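The sequence isn't on hand, but the structure is:
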């Protein structure tokens, strides 16, 4: 009996000792990783492997969807992709069950902004220096939150096209260091403008001399008097691309960059490994002119002013230029004008300050009045448009902010037709939304709307996903690192609740966001 008791005591002691031996490291591991059972807390650096298990994989390579797949992420990279039964999951991995959901690359938004405000026009300059400073300081203070919202929407990379890089760099560095949550931010630094074009803008805007000086020094405009001096500050590694902001007026040999200037800028950009991005204006003449130059990506071809000639579209297809979709920014005002009562919804109330929401309600009431009188020149929606408010009886009273309701809807139809023509011609697209430009609200999930526009105008759902991912990476010159789910690529992965190939709203329901190997959502 005594022997039996001794054996029992020995076994119990051995078990306790063994438990302590094996349990202590396990407990330490639990303490190390338990805080990321869901999204990780800052600092945002990879601390354990992640396995996304059992989802339908859309890898954006052009391959068909693959059911029952697992993606393993270790460190900053994707290390394993395969059928779930064939993939060995690391023992210490955080496992995410993706059954019934879709695994796909993070969205790349090729035209987006951290500093804009959808309640105000970015081009407003006919106000006092104190007022413009106050407006923009408020916008700049909101940049970290906007970056967070974009990431939660599944946007893991964005081209900031463009902005005051001196204000952007600090936010970008904090994101890159893992201090705050946000997409990868790729900077162009500024809008490269000719001196003649900038003077056109100043004259039309009615800006005072002191506001003009502030805009040149603190805003998004890099006004180039001398090509060498004007481009030298943007040759460093912090800048991914240069954006040429061309005049909307037809070139007359004096009112914009000369052909010689353009070739010199483009040659220098490519020498330093920069992508050349072009805003050519919304008319055939400007788009036709830029066909003669070695550009890489094209912005804003879907204005509603006029239909784009098919030979111009064919020219861009042959060049292989990547076309940034940017339809939402062109039609947001017209779509909101169709249903201004959407602004009564709680999503707008809860996401705005009382002051901002009152401003939105003023816009709503003007839109409703314009809709009741669809052929009358519309009332100025944006109240700071002083010239428009003084000339409400003139046909051009609203300029950018809105002609009559019916004309606004006609321009919307033209914008859609221009996208349809580019799609029919076989153009290569990346997805861009230009958010948050005037009335282009984040609350509307503009990236999902843009995806839907592409499909509506003739693109297959798979091609639209590739535009939003792989082609966006190509537009950044980073197709070897981003844009697809493949072993060895950087781990920018999202999981959406549903099937985006069948349900256009699936991209609004982002369940998981992983960027650079870190789970943020």
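It's in. This is a predicted model, so every value here is computed, not measured.

Please tell me how far residue 216 sits from residue 201.
Per C-beta to C-beta, to the nearest Å, residue 216 is found 11 Å from residue 201. Using the backbone N, CA and C atoms, a C-beta is placed for each residue, glycine as well.

element containing the residue sitting nearest the centre point of the chain?
Closest to where the C-alpha atoms of the chain average out (C-alpha atoms, centre = their mean) is residue 109, at 3.2 Å. For residue 109, the host element (DSSP states H and E) is strand 107-112.

contacts for that strand?
150, 153-161, 183, 297, 299, 322, 324, 326, 430-435, 447, 468-469, 472-473, 475-476, 482-483, 494, 507 (C-beta atoms under 8 Å, 6 or more residues apart in numbering).

In helices only, show me the residues you listed.
150, 447, 468, 472-473, 475 (DSSP state H).

I'd like those residues as TSV, with pLDDT appended.
TSV is the format used below for the ones in helices among the contacts of strand 107-112 (pLDDT from 0 to 100):
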residue	pLDDT
150	99
447	98
468	99
472	99
473	99
475	98
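
Could you single out the nearest of those residues to residue 487?
Comparing the ones in helices among the contacts of strand 107-112 against residue 487 with C-beta to C-beta places residue 473 closest, at 16.0 Å.

My guess is that closest one contacts residue 489. True?
No. Look at residue 473 against residue 489 with C-beta atoms under 8 Å: they stay out of range, at 9.2 Å.

Residues that sit against both of the two, list them.
Contacts common to residue 473 and residue 489, judged by C-beta under 8 Å, 6+ apart, are 481-483.

For residue 95, give me its contacts.
51, 53, 89.

Tell me how far it lies from residue 498.
For residue 95, the distance to residue 498 equals 21 Å [C-beta to C-beta].

again, but for residue 186
The gap separating residue 186 from residue 498 is 29 Å, by C-beta to C-beta.

The two: which is more packed in?
Comparing residue 186 with residue 498 by other C-beta atoms under 10 Å, the one with more neighbours is residue 186, at 22 against 18.

Check the gap between the nearest residue to the more buried one once chain neighbours are set aside and residue 503 for me.
Closest residue to residue 186 apart from its sequence neighbours, by C-beta to C-beta, 6 or more residues apart in numbering: residue 240 at 4.1 Å. Between residue 240 and residue 503 the computed distance is 33 Å (C-beta to C-beta).

Kindly report the same for residue 471.
Per C-beta to C-beta, residue 471 is found 22 Å from residue 503.

Next, the closest residue in space to residue 72 that isn't next to it in sequence: phi, psi?
Excluding the flanking residues, the one nearest residue 72 by C-beta to C-beta, 6+ apart is residue 80, at 3.8 Å. When read as degrees, to the nearest 10, the backbone of residue 80 gives phi -140, psi 140.

What number of residues are in the vicinity of residue 80?
17.

which strands and helices sit next to the helix or strand where residue 175 lies?
Element membership for residue 175 (DSSP H and E) is helix 165-176. Applying 3 or more C-beta pairs under 8 Å, 6 or more residues apart in numbering; DSSP states H and E, one finds that helix 165-176 makes contact with helix 143-152, strand 184-187.

Can you tell me what sits against the longest one?
So that's helix 143-152. So helix 143-152 is contacted by 109, 112, 114-115, 158, 167-168, 171, 174-175, 180-183, 185, 436, 442, 510, 513, 515, 520-521 (C-beta under 8 Å, 6+ apart).

how about 7 Å then?
Residues outside helix 143-152 that contact it (C-beta atoms under 7 Å, 6 or more residues apart in numbering): 112, 114-115, 158, 171, 175, 180-183, 442, 513, 515, 520-521.

and the two most separated of those residues?
Farthest-apart pair in the contacts of helix 143-152 is 115 and 521; separation 23.5 Å (C-beta to C-beta).

So the two - more neighbours on which side?
Neighbour totals were compared for residue 115 and residue 521, and residue 115 leads with 21 against 18 (other C-beta under 10 Å).

wait, doesn't that one sit right on residue 140?
Yes. Residue 115 lies in contact with residue 140 (C-beta atoms under 7 Å); the separation is 5.9 Å.

Need the residues touching each of those two.
With C-beta under 7 Å, 6+ apart as the test, residue 115 and residue 140 both reach residue 167.

Could you confirm residue 511 falls within a strand?
Yes. The assignment for residue 511 is a strand, going by DSSP: H, G, I helix; E, B strand; the rest coil.

in the stretch 301-450 of the chain, which spans are strands?
322-324, 428-430 (DSSP state E, counting those that start in this stretch).

how far does the last one sit from the chain's center?
It refers to strand 428-430. Centroid separation for strand 428-430 versus its chain: 14 Å, with C-alpha atoms, centre = their mean, to the nearest Å.

What helices and strands are in contact with it?
In this structure, strand 428-430 makes packing contacts with strand 322-324, helix 470-475, judged by 3 or more C-beta pairs under 7 Å, 6 or more residues apart in numbering; DSSP states H and E.

Quote the end-to-end distance of stretch 289-300.
Taking C-alpha to C-alpha, to the nearest Å, stretch 289-300 runs 15 Å from one end to the other.

which residues are contacting that stretch?
111, 161, 251, 262-263, 266, 275-280, 282, 312, 315-316, 319, 321-324, 326, 475.

again, 6 Å this time
For stretch 289-300, contacts defined as C-beta atoms under 6 Å, 6 or more residues apart in numbering pick out 251, 262, 266, 275-280, 315, 321-324, 326, 475.

can you list the weak-confidence ranges in this structure?
The model of the chain has pLDDT under 70 over residues 1-36, 383-402.

mind giving me the domain ranges of it?
Domain assignment of the chain by automatic domain parsing yields the ranges 42-105+483-521, 108-334+408-482.

Just put those domains in CSV and tack on distance to residue 371.
Compiled in CSV, the domains of the chain are given as follows (distance: least, C-beta to C-beta, whole Å):
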stretch, distance to residue 371
domain 42-105+483-521, 26
domain 108-334+408-482, 10
